[in-house]
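Asks: My questions are about this predicted structure, shown below with the sequence.
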Amino acid sequence: MQAIKRNMWMKVRKIASPRNIVFTLTSLATFSVFYMFIEWQNRETTSFHIKDHHSFKPVPDCSLGRVNRNEIQAVKFPENTQTRQKALLFLKSPQTQMGRKIVVLLESARFKFNTQNGEIKNLPVLIDDNKGRYGVIIFEDMLSYTGLHQWNRDLLDKYCRDFNVGIVSFLHPKRTSVSHDVEFTQKLGNFPLNYASNLKVKDYELNATAGILRIARPAEIITGVLPNDWTVFEFEHNTYAPVSTVRLAQAYEAHDTGQDLRWDKNKARPFRQSPSVNRQSSLFGLFPSESVTDHRLPAVVQDLGKYDQVERVIFGEALKFWLHQVLFLDAISYLSRGRLALPLERNVQIDIDDMFVGVKGTRMTSDDVTALLNFQEELRETIPGFSFQLGFSGKFIFHGEPEETEAERLLLKLHDKFQWFPHMWSHMQAHWFKNVSQLCSYMDINRQFAVRHKLNMSHGYAVSPHHAGVYPVHQPLYDCWHRIWNITTTSTEEYPHLRPDHKRRGFIHDNIKVLPRQTCGLFTHTMILDKYPGGPTTLHENINGGLLFQTFLFNQFNIYMTHLSNYGNDRLAIYTFRRAIKFVQCWTNLQLRYDPPEVVGRKYFELYPEEKDPLWTNPCLDKRHKEIYSEDKTCDRLPNFVVVGPQKTGTTALYWFLNMHPDVESNRPSDKTFEEVQFFSGTNYYKGIDWYMDYFPVPSIDTILFEKSATYFDQEVVPRRVAALLPKSHVVVILIDPAKRAYSWYQHMRSHDDPTALKYSFYQVVNAKRQGSPPALISLQRRCLDPGFYAYHLERWTDGRRSDQIVIVDGEMLKEKPAVVMQHVQKALGFKNIIDYSKKLKFDQKKGFFCQVTEQKRLKCLGKSKGRLYPDMDDKSQMFLTKYYQVANTKLLQMLKSMNKPVPKWLEEQQGS
Ligand SMILES: Nc1ncnc2c1ncn2[C@@H]1O[C@H](COP(=O)(O)OS(=O)(=O)O)[C@@H](OP(=O)(O)O)[C@H]1O
């Protein structure tokens, strides 16, 4: 009978597409149905029919929630403007799993932090300008804190007291084999606190009265043995209060030795089975002998500061337990007095992509449509005003089974119950369209469909199939979205990259707000619970504290992507979100809210204004980006190296010399800025990388492309932008005495009839007081002086680049011995074909500079704007500037030496090294 039953079940599973369920059931013999029914009853989950979602268990019963939400939300943090919103994180090493986890959590919460790795010999600077630099201190290992040198410890504790800052730490000593002379329970440094580690625990309970609880909400006791090793605590002082407690697991497995600790059934306590250690070493020696299992032990402890006036939270676990991630956020917000705190509000948007698209037999039925509508109503009880966003491609409507067609008619009838957004007429990808008119007319067919069926399109929102054209940007998509739909907001998973997902961000391009989109684990092919990747257990883990829960926890704006097929079949999307939202409500005080996409877009960039500017990356360095990048485009039209300036150091001469090399090609000139494209510095950057690449030829295999824009060197955003788009490129920097550079700029401005430069002497310009002087004078002074702080600017260029990617050129030597310099430059840039410039360049007495020897053996020099004739700098200015740049030049010398770079002769002479 068992065999028949199993066989039957297999068959049913095979043929049981949801469409066929009714048919299948009626056509089966009565006894088969009976056994199927029994089977179904016995299965915890079934691929066959899970549409009765309410019956499944994994969501906790919140009835035990014992704390008034309003009380918790009322927690107010004292005003403290004396400390900055940054965490200081001490890691044992950036490589530890735990260290990486903390970093990911801080990044997910978008908290700013500085990290100090390894053994702590000296503390970093904690105070600047009388302000505390850090709002909270985090130790990966509490023992690193208790083991600090007394001097450092006193300093750090004093900082915490003076600036009202607390310490979050973790105590989870690695499993080591227990040596008999080490007590099982240990004292934590000089604190009146004992702990025992490497324990198996169970039955986790939040202490509803714990002061740090803010996002975390005590729902119920989490029963059963918890994974991983835990540390538990025992106090001897009223400064400590438990944030949560656990029980020791009966099935006690101690250390690697496995022999040392045993559960004493009679005494009901763990003890060490060793003649050399007496029973005092049993856990805290405090278990009431009658019942170990009832005894609760603190697993997370709050130090209220009554002992040494420093507040702390200590976790006895390595943040693997999901609820500890919530408590970690709470501990940080509490101990930073709200300086590093996520708000409690979470925006939730659920998009349903691919409406009217889908394989015949996998679309929605009328029952599914009704269920969707009912679920929307249900969600509105929790999320006022919630509306699903339905993304449609009209072309394939009514292409399904008859009952799917019926369902689509019902959807159209219910059109005003949902919000709609355009996909593409036939789900075509935007980058397949080569020009704007082709794409726009295609989009317009979908628009006519929307008008015909009165779809509610009021929110200026669109999503591109496969994210194509959004990022990497395909300009025709943006043009047509404006023209056909008046789109203001979209979302994608692809910016800057799909993974890691916690680093997805938004940007604004061409006035369209691109928001980050979250994955909820449901894709077009996820239709049946049993076929969920990794099985139903994985889905339940995602919901119950796993990835999906964390997405709600860390993202203030959740834009989830689901698909039509997730609402038919097993209705997995309804199944997932019903449980996920209930779980969030059970365990957190997060308030879920809904806003129309346009409002979400506005709010998003109000909260994260720093994300407005995009940071373009190379589409060919990301597999997924490459797939949605037009075949007509190439990433080869990007420079291999960039000469970045600063201005007046000889950048034009170097650009010209490099162009003499047979393998080297530069950009075509710009109408406005001549040989300089100036892409990474000004507003050209917003025109996107297609615009930039248009300036470069399609290179042959040996061609080395480059550009030079002397404005790049000292602009703050540029190094980051260059690194993002050209991560492998070399950067060439030319350095001359900054005093001479300043004077050359002044002369440049005079020759351009700048009224301020003509009005004031050079000495007056460099010497002008920044306060009280005319703005034009200050502006000229800045342009003369600021780029000359070479070390300061260079530091930004070294960020995220290998030292060999930076090529330093001695600009003064470039004037005197260009052939020697060009030899160095070619080598440093890794040219295969190194040419001899002494044959190409010759000194021109009249010009006073080296010029090109043409094929006709004539000399061709740079124009009169380069190598101008002007009087020498006056002594007063020279002395002033020598002093002015002294410190910066010393720093430059140190920096170049530490980078193993050749030191320019002028700097060597000045610094006397
Ligand atoms: N071979 C050759 N011919 C002409 N000029 C040369 C050459 N080599 C270096 N220089 C020096 O280049 C200075 C101009 O620097 P830039 O080209 O970087 O100026 S700009 O920022 O692009 O305006 C220019 O500055 P001024 O002398 O102040 O005009 C020159 O000193």
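Replies: Now that the structure is in, tell me what you want to look at. Numbering: from 1, shown residues only.
Asks: okay, CA-based contacts and neighbour counts for the rest of this
Replies: Will do.
Asks: Give me the contacts around the helix or strand containing residue 377.
Replies: Assigned by DSSP states H and E, residue 377 belongs to helix 366-382. Applying Cα atoms under 8 Å, 6 or more residues apart in numbering, the contact partners of helix 366-382 are 386-388, 403-404, 406-408, 410-411, 417, 567-568, 571, 574, 592.
Asks: Let me know the next secondary structure element after that helix.
Replies: Taking DSSP H and E, what comes next after helix 366-382 is strand 389-392.
Asks: same for that following strand, what does it pack against?
Replies: With contacts taken as 3 or more Cα pairs under 8 Å, 6 or more residues apart in numbering; DSSP states H and E, strand 389-392 sits against strand 345-355, strand 419-422.
Asks: Can you tell me which of the ones you listed is most buried?
Replies: Of all the helices and strands packed on strand 389-392, strand 419-422 has the most neighbours on average by mean count of other Cα atoms under 10 Å, namely a mean of 26.
Asks: circling back: let's have the helices and strands packed on strand 389-392 in a markdown table, adding distance to residue 746 and mean pLDDT.
Replies: Listed next are those as a markdown table, based on distance: least, Cα to Cα, whole Å; pLDDT from 0 to 100:
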| stretch | distance to residue 746 | mean pLDDT |
| --- | --- | --- |
| strand 345-355 | 54 | 96 |
| strand 419-422 | 56 | 96 |
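Asks: Tabulate those strands (TSV), appending distance to residue 238.
Replies: Below are those laid out as TSV (distance: least, Cα to Cα, whole Å):
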stretch	distance to residue 238
strand 345-355	34
strand 419-422	56
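Asks: Can you redo these as TSV, where the extra columns are distance to the ligand?
Replies: Formatted as TSV, the helices and strands packed on strand 389-392 follow (distance: least, Cα to the nearest ligand atom, whole Å):
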stretch	distance to the ligand
strand 345-355	49
strand 419-422	48
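Asks: How many residues are close by whichever residue of the stretch 751-900 of the chain sits closest to the ligand?
Replies: Going by Cα to the nearest ligand atom, the ligand is nearest to residue 867 of the stretch 751-900 of the chain, at 3.5 Å. Residue 867 is flanked by 17 other residues according to other Cα atoms under 10 Å.
Asks: cool, residue 133 as well?
Replies: A count of nearby residues for residue 133, using other Cα under 10 Å, gives 22.
Asks: Got the confidence number for it?
Replies: Each residue has a pLDDT score; the one for residue 133 is 95.
Asks: and it, what does it touch?
Replies: Counted by Cα under 8 Å, 6+ apart, residue 133 has contacts 83-86, 125-127.
Asks: same deal with residue 533?
Replies: Residues counted as contacts of residue 533 (Cα under 8 Å, 6+ apart) are residue 526.
Asks: give me that answer again for 10 Å
Replies: Residues in contact with residue 533 (Cα atoms under 10 Å, 6 or more residues apart in numbering) are 521-522, 525-526, 539.
Asks: likewise residue 903?
Replies: Residue 903 makes contact with 735, 808-810, 892-897, 909, 913 under the criterion Cα under 10 Å, 6+ apart.
Asks: Mind checking which of the residues you listed land in strands?
Replies: Among the contacts of residue 903, DSSP state E puts 735, 808-810 in strands.
Asks: per-domain residue ranges of the chain.
Replies: Listed by the TED database, the domain ranges of the chain are 350-611, 634-831+870-910.
Asks: Pull the distance from the last one to the chain's centre.
Replies: Same thing as domain 634-831+870-910. Centre-to-centre, domain 634-831+870-910 and its host chain are 31 Å apart (Cα atoms, centre = their mean, to the nearest Å).
Asks: go on, the longest one?
Replies: Average the C-alpha atoms of domain 350-611, do the same for its chain, and the two points are 22 Å apart (Cα atoms, centre = their mean).
Asks: and the least confident of the contacts of residue 133?
Replies: The lowest pLDDT within the contacts of residue 133 belongs to residue 83, with 70.
Asks: so that residue touches residue 163, yeah?
Replies: Yes - taking contacts as Cα atoms under 10 Å, residue 83 lies within contact range of residue 163: 6.6 Å.
Asks: Now for residue 595: which residues touch it?
Replies: Listed by Cα under 10 Å, 6+ apart, the contact set of residue 595 reads 347-349, 383-387, 601, 603.
Asks: Sort out which of the residues you listed are buried, if you could.
Replies: By neighbour count, with 16 or more other Cα atoms under 10 Å, the contacts of residue 595 hold 347-349, 383, 386-387, 601 as buried.
Asks: Could you identify the most distant pair in these?
Replies: The distance between the two most remote of the buried ones among the contacts of residue 595 (Cα to Cα) is 18.4 Å, for 383 and 601.
Asks: in the helix or strand containing residue 605, what counts as buried?
Replies: In the assignment (DSSP H and E), residue 605 maps to helix 597-607. For helix 597-607, burial by neighbour count (16+ other Cα under 10 Å) applies to 597-598, 600-601, 604-605.
Asks: residues touching the most centrally placed residue in the chain, list them.
Replies: In the chain, the centroid-proximal residue (Cα atoms, centre = their mean) is residue 503; its distance is 1.9 Å. With contacts defined as Cα under 10 Å, 6+ apart, residue 503 is in contact with 104, 107-108, 110, 495-497, 516.
Asks: Could you count how many residues lie near residue 539?
Replies: Residue crowding around residue 539 was assessed by other Cα under 10 Å; the count is 22.
Asks: what about the closest residue in space to it that isn't next to it in sequence, neighbour count?
Replies: Excluding its sequence neighbours, the residue lying closest to residue 539 (Cα to Cα, 6 or more residues apart in numbering) is residue 532, at 7.1 Å. Here the count is done by other Cα under 10 Å, and residue 532 has 19 residues near it.
Asks: Most proximal residue of the stretch 301-450 of the chain with respect to the ligand?
Replies: With Cα to the nearest ligand atom, the shortest gap between the stretch 301-450 of the chain and the ligand falls at residue 435, namely 36.8 Å.
Asks: coming back round to it: got a winner among the ones in strands among the contacts of residue 903 for most neighbours?
Replies: Neighbour counts for those peak at residue 735, which has 27 neighbours (criterion: other Cα under 10 Å).
Asks: I'd guessed that one sits against residue 893; true?
Replies: No - taking contacts as Cα under 10 Å, residue 735 lies outside contact range of residue 893: 11.7 Å.
Asks: Report the set of residues contacting both of the two.
Replies: With contacts taken as Cα under 10 Å, 6+ apart, residue 735 and residue 893 have 903-904, 907 as neighbours in common.
Asks: What about these, which are in helices?
Replies: In helices, defined here by DSSP state H, the members of those are residue 907.
Asks: residues near the closest residue to residue 170 other than its chain neighbours, how many?
Replies: Excluding the flanking residues, the one nearest residue 170 by Cα to Cα, 6+ apart is residue 315, at 4.7 Å. Neighbourhood size, residue 315 [other Cα under 10 Å]: 30.
Asks: try the one 5 residues further on
Replies: Other residues near residue 320 come to 13 when the count uses other Cα under 10 Å.
Asks: Identify the residues contacting it.
Replies: Residues in contact with residue 320 (Cα under 10 Å, 6+ apart) are 98, 101, 227-229.
Asks: Any chance of a ChimeraX selection covering the buried ones in those residues?
Replies: Buried residues within those, by 16+ other Cα under 10 Å, are selected in ChimeraX with:
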select :98,101,229
